[in-house]
Structure formats: structure tokens, C-alpha cells
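A.B. asks: give me a 3D structure for the following:
(one chain, ligands or ions: 1)
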Amino acid sequence: MKNNSPIIGLAPMDGITDEAYRLLQTEIAKPDLIFTEFVSAEGISHGGVKLYDTLLFSAKERPIIGQLFGKNPESFYKSAIILSELGFDGVDINMGCPAKTVTQNGSGAALIGKPDLAVEIIQATKKGIDDWFSGKIKVTDLSLNQKSLAVIERNKKYSVFDFVETHHDASLTTKKQTSLPKTKPTISVKTRLGISESIIESWASILLAQDLDFLTIHGRTLKQGYAGSADWSEIQKVVELAKNTKTKIFGNGDIQSKFQGLEFCQKYGVNGVLIGRAACGNPWCFNDYTATPKERFSAMLLHAQFFTEIFPNRRFDSLRKNFLFYASGLSNAKQLRSKLVRLNSIEDLLQLEADFQS
Ligand SMILES: Cc1cc2nc3c(=O)[nH]c(=O)nc-3n(C[C@H](O)[C@H](O)[C@H](O)COP(=O)(O)O)c2cc1C
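C.D. replies: Residues are numbered from 1 along each chain as shown. Okay, here's the model as predicted:
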């Protein structure tokens, strides 16, 4: 991670920021820091082999942080060892997800209401990273089944190869081998201001006492979900609290561009920002460029090529929601959307080339 200059990173987005999306983002305008979608700590440490697709990453995305959610400290211990073994630059703990499926289970933002458990989870994660790094424990000591160990090896193999050439018409298989470094992953938390109201000062004080490498605050409460606007004055309070700690503070919520991100770093004193929704359909928000319709089409095509190569068994229609964003603001947006929601293949997408010329 860059040392003192502001970090403009890509926020984790479940169902969106998969390996194909992140590769496209890296190709167009590389963020300073990238997160995976969240993945269940209980799932990956108990044989959830399919979940490892979420953890596929390429060397060119570095620095990349793997994000975990869950509620069981022992699962976080094991998962931290697994993520370290996979070569992640950091392990992030989700304490901010508002989805009912996650909070009802006591994970995500529900942990804001259980500070003792939250601390236990951070300590278990830290211990996992430390034990792996010191060589005290190996991934093969975790009693994982053979399928899990095999999929870990598959992911590691994938990560030491880097896509070096991308062609819009030819195969994407030209890859260069890089090495998987043994560096100590960072530890961090991403959270919200509170559950029904902001309790950020007391909550952040608890988190800051854990010696995190960085802490991301999304300036909304759990109750707010994604409604209203992010309260950056509350985020600024954490900057003050963190002054005498080693923890870097990243702000998050409603940032539209790198330009605005840098402005907010200056205005609110955060060490960086994460951009989420504004990057959907606009990967150029990380270099403040306004793409032409033709460039939007090329981006979708490249995304589709990455997707079909990396996830040959996934249904193409899961890309539709991503592509709908590319129509935003275009004069023929309505007509384009009605076509984009019917896409089933790259061939279908190629039929739309003429619609993205104006
Ligand atoms: C579809 C979607 C999925 C998300 N998934 C995650 C996730 O897996 N982990 C996480 O910490 N936050 C997740 N978030 C929250 C974002 O990381 C971010 O905090 C939020 O969108 C506010 O930032 P923004 O205004 O820049 O989008 C998700 C948000 C959206 C819209």
C-alpha cells in the first residue's frame, strides 16, 4: 500500500466485485487498493469449496484485501490462515453489512452491538495471521478436507499468473508468471457509524484499541442501509480519535470520483477513501475520465471476456445488472436497457456495438 499519499480504493461489493470485475477495473484505472467481495469465514473454513471462487485474484490487482464475514472467532482464526496462504495483502473483517441474511445471524453490522465478540474476532484473526507468518501453523494443519486443500492450491496457482495481454478479439490466455510473496497481511475492519444511531466515538475507540492497520468507516448506520447520505462529520471524529494510533482511517460513502475522494481526504483528514457504487458502469471514476459510448462498449466486452474465461460455468445473465449501469446518462439509455436485460452471451453483446457509437 502507498505510504503517505491518499489511498483511493475500490470498496467491496458482494455480487459485483468478482475477479472479472476487478480485472476490468485494474485494466482501465487501477485503484490504489482493492477488496474482494465478502466471503463467509464459517464457509471457507468448513469445506465451502465453491466460495473460493470469490477469493480468486490476479497479481496485477495488488494490493488486494480479502474480506471475511461471520461470527465465530475460531472460523476467523482458520480463515485468516487460509487468506494468508492464498497470498492476500490483507485480511478485512466485515462489521458493516446491513443485509438481514447476515445481521440476523449475528454477523456484519450486528457486531457493532456485540463489542466483546467483535474484539474476540479481531484477536482471533490477528492470531491466525501471526501464527501463519511465524510458521507456527500451516494451512495443512487446519483439518480441512482434501477438496478444500485442492481448491486452495488452485487459487494460489491462479494468483501467480498475471494476465499480461488483453485483446478484444483474441484469447486472454497470455499470462506471465509472478511469484507469491510471503509477506505479513494487514488486518483491518470495515464498519458503520452505529446500529440505529451513531455511536462512532465509543465504537471506534474499541476498534482502535486493537492496533488495526486500517479502519474503514462507512458514514451511515445499520438502520439507514443505503438511504440518506453518508455523514462525513462523524467519520472525521474517528480521524481525531486515531491521531495517536498507528491505524489509518479510510472514509466511505457517496464518493463519486477520484477527484472528490482526494478533496474529501483533504477536507476530513482521512488517509483514504473507498469508492463503491460510483464505480459501477464507470470504472473511469478512478482516473477522472469521461468515457465515450464506444469506450463503454469496449469495457463491457472486455468484462464479458474476462467473465466467460474465468467463470465458464456461471450464467451470463448475472452480468446484466453490471452492464445496465453502462447505459446511464446516454441519450438512448432507455432503449439500451431494454436490450441489456436480455443479454445471454458475448455474441448478443456484440450485436449492441452500433448502439454504443453515438
Ligand atoms: C451491491 C453492494 C454490495 C456490497 N457488498 C459489500 C461487501 O461485501 N462488503 C462490505 O464491506 N461492504 C459491501 N457493500 C458496501 C460498500 O462497500 C460501501 O460501503 C457502500 O456501498 C457505500 O459506499 P459507496 O457510496 O461508495 O457505494 C456493498 C454495497 C453494495 C451496493
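A.B. asks: walk me through the domains of this structure.
C.D. replies: Domains of the chain are assigned by automatic domain parsing as 7-286, 293-356.
A.B. asks: wait, which of those domains is closest to the ligand?
C.D. replies: Among these, the nearest to the ligand by Cβ to the nearest ligand atom is domain 7-286 (2.8 Å). No exception for glycine: its C-beta is placed from N, CA and C like everyone else's.
A.B. asks: which residue ranges form the helices in this structure?
C.D. replies: 19-28, 41-45, 73-85, 100-103, 115-134, 146-159, 200-208, 232-241, 258-268, 293-310, 320-324, 333-340, 346-350 (DSSP state H).
A.B. asks: what packs against the last one?
C.D. replies: Under the contact criterion of 3 or more Cβ pairs under 8 Å, 6 or more residues apart in numbering; DSSP states H and E, the helices and strands touching helix 346-350 comprise helix 293-310.
A.B. asks: closest to residue 225 out of the helices of the chain?
C.D. replies: Nearest to residue 225 among these is helix 100-103 (10.2 Å), distances taken as Cβ to Cβ.
A.B. asks: who in the stretch 151-300 of the chain is up against the ligand?
C.D. replies: With Cβ under 6 Å from any ligand atom as the criterion, the stretch 151-300 of the chain meets the ligand at residues 190, 218, 252, 253, 254, 255, 275, 276, 277, 278.
A.B. asks: the third one: what's it in contact with?
C.D. replies: Listed by Cβ atoms under 8 Å, 6 or more residues apart in numbering, the contact set of residue 252 reads 11, 190, 216, 217, 218, 219, 230, 273, 274, 276.
A.B. asks: which residues of this structure score low on pLDDT?
C.D. replies: Scanning the chain with the threshold set as pLDDT under 70 gives 1-3, 161-181, 358.
A.B. asks: the helices of the chain into JSON lines, with extra columns for distance to residue 247 and mean neighbour count?
C.D. replies: Shown next, in JSON lines, are the helices of the chain (distance: least, Cβ to Cβ, whole Å; neighbours: other Cβ atoms under 10 Å):
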{"stretch": "helix 19-28", "distance to residue 247": "25", "mean neighbour count": "22"}
{"stretch": "helix 41-45", "distance to residue 247": "22", "mean neighbour count": "25"}
{"stretch": "helix 73-85", "distance to residue 247": "18", "mean neighbour count": "24"}
{"stretch": "helix 100-103", "distance to residue 247": "24", "mean neighbour count": "14"}
{"stretch": "helix 115-134", "distance to residue 247": "12", "mean neighbour count": "19"}
{"stretch": "helix 146-159", "distance to residue 247": "27", "mean neighbour count": "16"}
{"stretch": "helix 200-208", "distance to residue 247": "6", "mean neighbour count": "19"}
{"stretch": "helix 232-241", "distance to residue 247": "9", "mean neighbour count": "19"}
{"stretch": "helix 258-268", "distance to residue 247": "16", "mean neighbour count": "18"}
{"stretch": "helix 293-310", "distance to residue 247": "34", "mean neighbour count": "19"}
{"stretch": "helix 320-324", "distance to residue 247": "33", "mean neighbour count": "18"}
{"stretch": "helix 333-340", "distance to residue 247": "42", "mean neighbour count": "15"}
{"stretch": "helix 346-350", "distance to residue 247": "44", "mean neighbour count": "14"}
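A.B. asks: rewinding a little: columns neighbour count and distance to residue 150 on top of the contacts of residue 252, output as CSV?
C.D. replies: Output for the contacts of residue 252, formatted as CSV (neighbours: other Cβ atoms under 10 Å; distance: Cβ to Cβ, whole Å):
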residue, neighbour count, distance to residue 150
11, 25, 31
190, 26, 30
216, 30, 33
217, 31, 38
218, 26, 36
219, 24, 42
230, 20, 42
273, 28, 38
274, 25, 33
276, 20, 33
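A.B. asks: would you turn those residues into CSV with distance to residue 196?
C.D. replies: CSV is the format used below for the contacts of residue 252 (distance: Cβ to Cβ, whole Å):
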residue, distance to residue 196
11, 23
190, 19
216, 21
217, 17
218, 15
219, 15
230, 16
273, 25
274, 24
276, 22
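A.B. asks: which ones among the residues you listed are found in strands?
C.D. replies: In strands, defined here by DSSP state E, the members of those are 190, 216, 217, 218, 273, 274.
A.B. asks: which one of those sits closest to residue 144?
C.D. replies: Among the ones in strands among the contacts of residue 252, and counting by Cβ to Cβ, the member closest to residue 144 is residue 190, at 26.2 Å.
A.B. asks: still on that earlier bit, farthest-apart pair in the residues of the stretch 151-300 of the chain next to the ligand, please.
C.D. replies: 190 and 278 (17.1 Å).
A.B. asks: spell out which parts of the stretch 1-150 of the chain neighbour the ligand.
C.D. replies: Residues of the stretch 1-150 of the chain lying near the ligand (Cβ under 6 Å from any ligand atom): 11, 12, 13, 14, 15, 16, 37, 38, 67, 94, 96, 97.
A.B. asks: among those residues, which are in strands?
C.D. replies: Checking those against DSSP E, those in strands are 37, 38, 67, 94.
A.B. asks: redo these as JSON lines? Include neighbour count.
C.D. replies: Below are these laid out as JSON lines (neighbours: other Cβ atoms under 10 Å):
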{"residue": "37", "neighbour count": "19"}
{"residue": "38", "neighbour count": "26"}
{"residue": "67", "neighbour count": "26"}
{"residue": "94", "neighbour count": "24"}
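A.B. asks: how about the nearest residue to residue 131, chain neighbours excluded?
C.D. replies: Once flanking residues are discounted, residue 131 sits nearest to residue 137: 4.4 Å by Cβ to Cβ, 6 or more residues apart in numbering.
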